[in-house]
Every structure is written in C-alpha cells, then in structure tokens.
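Asks: Okay, predicted coordinates and the sequence, questions at the end:
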Amino acid sequence: MGTVETLAAAGIGAGDEVVVPSYATADAAEAVRRAGAVPVFADIDPDSLCLDPASVAAALTLRTAAVMLVHLFGRRADLAGLRAVAARRGLIVVEYEPLAPHDENARRRQANAAYLNARLKGVVTPATGPGIEHSYRAYVVRIPGNGRPDRDAFARALRARGVCCRIPVQTPVHRLPAYRRGLWLAETERAAEQCLALPVDAALTPRELHRIVAVCNALGGLVPEAA
C-alpha cells in the first residue's frame with residue numbers, strides 16, 4: 001500500500017493536517033496533498049537530520065491527524081520518540097519510505113563511511129554511536145562556519161580537484177513556491193546552509209577514498225569566497 005493509500009485508509013483527507021519534515025524532498029508533502037490533507041512542517045534533529053519529536057509536538061494543532069516521517073540519507077528517524085508524541089494525541093505515524101534491509105552494498109557503504117569518519121578533518125562527519133542505524137545512502141557532512149557561501153566555496157574547491165559532491169537538499173520544502181510558509185525552522189535552515197554529500201559508493205576503491213580524505217583535509221575546513 002502506498003503512502004497516499006495509507007493515509008486514505010486511516011480516514012485522513014480534507015481538513016486534516018499531517019506533520020512532515022521540510023528538510024527532505026517534496027515527495028512526502030506532495031503525498032499528503034494528494035490525500036487531500038495539508039502538510040505542516042516541523043524542524044529536524046541536528047544529528048539525524050530527521051524529524052525532531054519536540055518540534056513535531058510544537059507543530060500539532062486540533063486539526064493534526066498524523067505524523068509522516070522520512071528516514072533521510074539512510075539514517076533512521078526517531079520512530080520511538082515520534083510515536084510517543086503521536087500517542088499522546090491518538091495520531092498515526094506513517095513512514096514515507098521504510099528503510100530497506102541492509103545488503104552487501106549497504107555494508108560496503110558503511111565500511112567506506114567508517115574510513116571517512118576516522119580520517120576527515122575540518123568537516124563535521126555524520127553522528128555515530130550505539131543504537132544509531134545508518135546505511136549511508138548518502139554520506140552527508142557539515143561545513144561549519146558562517147553559512148552557505150562557505151559550504152558552496154568548499155564544494156566548488158572539491159569539484160575543481162576532482163572530487164564529486166552535491167548539496168543534498170537545495171531548498172527546504174517550506175521555502176518552495178508551492179509550499180511556502182512563513183516559518184523559521186532553525187535546524188532545517190542551518191542544515192540547508194551547511195550540509196554537503198561526499199562520495200560513499202560501494203564501488204569506491206581505497207585509492208579513491210584516500211583521495212577524498214586528502215583533498216578535503218588539504219582545504220583545511222572552510223574555503224573563503226574570493227573578494
């Protein structure tokens with residue numbers, strides 16, 4: 001059963017609100033709209049980059065009928081925390097796209113991510129620790145500093161040195177014309193300014209991994225914009 005069908009089966013439609021993340025693609029918000037409901041945006045946890053239960057709790061209204069979470073970049077959202085928030089109001093929790101079981105490619109990405117985590121300097125690597133599940137569909141780091149120009153300059157410098165990288169979320173959904181809201185989601189805005197996805201593909205060779213580390217570390221963190 002698809003997401004729209006899941007919402008419809010739960011009786012969610014016109015007049016209802018569904019809390020979704022803004023730091024993601026617009027797919028979850030669009031699914032809510034196709035069900036006839038209204039997407040309401042909540043902020044993210046800075047470590048997981050997934051919905052923050054406290055922000056979800058603050059976004060609830062009398063019209064809220066569900067919470068839709070997105071497991072982002074292979075990192076699992078706080079399902080237990082979100083269910084606890086939803087249970088207090090009798091809401092349903094919908095996973096936009098359940099995480100697939102780990103396969104050989106996921107294990108290789110995890111090994112590549114562990115290599116990068118141990119060696120990268122000058123960037124903030126993904127949070128790790130007991131109980132944290134991450135299949136690294138994308139390896140997303142933060143370029144700390146004064147915002148978007150620093151991250152973008154760093155990305156251009158990487159590409160100029162032959163390292164592919166991409167901005168994982170160009171524009172938070174609540175700032176897209178079709179969904180624009182007068183919100184300030186602090187962690188979402190910060191992630192949109194700082195985050196950068198580096199290569200972590202299962203097919204990367206040891207030499208390619210070493211080059212990613214060498215190029216990133218040689219930049220020494222932030223790269224200033226040219227005057």
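Replies: Thanks, I have the structure now. Residues are numbered from 1 along each chain as shown.

Asks: Report the contact partners of the residue lying closest to Arg119 once chain neighbours are set aside.
Replies: Sequence neighbours aside, Val213 is the residue nearest to Arg119 in space, at 4.6 Å (criterion: C-beta to C-beta, 6 or more residues apart in numbering). Any C-beta I mention is one placed from the backbone N, CA and C, and that applies to glycine too. Going by C-beta atoms under 8 Å, 6 or more residues apart in numbering, Val213 touches Tyr115, Leu116, Arg119, Leu120.

Asks: per-residue pLDDT, the third one?
Replies: pLDDT for Arg119: 96.

Asks: burial measure for it, as a count.
Replies: For Arg119, the neighbour count with other C-beta atoms under 10 Å is 15.

Asks: And it, its phi and psi?
Replies: Note on Arg119: backbone dihedrals following degrees, to the nearest 10 are phi -120, psi -20.

Asks: got the contacts of Val213 as CSV, with secondary structure columns?
Replies: Converted to CSV, the contacts of Val213 look like this (DSSP: H, G, I helix; E, B strand; the rest coil):
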residue, secondary structure
Tyr115, helix
Leu116, helix
Arg119, helix
Leu120, coil
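
Asks: Spit out the contact partners of Leu60.
Replies: Counting by C-beta under 8 Å, 6+ apart, Leu60 makes contact with Val19, Val85, Arg89, Leu91.

Asks: From those, list just the buried residues.
Replies: Buried members of those, counted by 16 or more other C-beta atoms under 10 Å: Val19, Val85, Leu91.

Asks: Return the closest of the residues you listed with respect to Thr171.
Replies: Nearest to Thr171 among those is Val19, at 19.5 Å by C-beta to C-beta.

Asks: Pull the residues that contact the strand or helix carrying that closest one.
Replies: Using DSSP states H and E, Val19 maps to strand 17-21. With C-beta under 8 Å, 6+ apart as the test, strand 17-21 has contacts from 7, 12, 28-29, 32, 35, 37-42, 44, 50-51, 56, 59-61, 63-70, 72, 94, 96, 173, 188.

Asks: which ones among those are found in strands?
Replies: Residues of the contacts of strand 17-21 located in strands (DSSP state E): Val38, Pro39, Val40, Phe41, Ala42, Thr64, Ala65, Ala66, Val67, Met68, Leu69, Val94.

Asks: Determine how far the last residue of stretch 32-45 lies from the first.
Replies: Stretch 32-45 has an end-to-end distance of 22 Å (C-alpha to C-alpha, to the nearest Å).

Asks: no no, stretch 37-46
Replies: 28 Å.

Asks: that older thread, same list, the buried ones among the contacts of Leu60, but as TSV with distance to Pro101 and pLDDT please.
Replies: Shown next, in TSV, are the buried ones among the contacts of Leu60 (distance: C-beta to C-beta, whole Å; pLDDT from 0 to 100):
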residue	distance to Pro101	pLDDT
Val19	27	97
Val85	27	97
Leu91	27	95
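
Asks: quick one: which of these is nearest Pro130?
Replies: Nearest to Pro130 among the buried ones among the contacts of Leu60: Val85, at 23.1 Å, using C-beta to C-beta.

Asks: hmm, back to that, could you pull out the buried residues of the helix or strand encompassing the residue nearest to Arg119?
Replies: Using DSSP H and E, Val213 sits within helix 206-219. Residues Leu209, Arg211, Ile212, Val213, Val215, Cys216, Leu219 are the ones in helix 206-219 that count as buried (16+ other C-beta under 10 Å).

Asks: All set, thanks.
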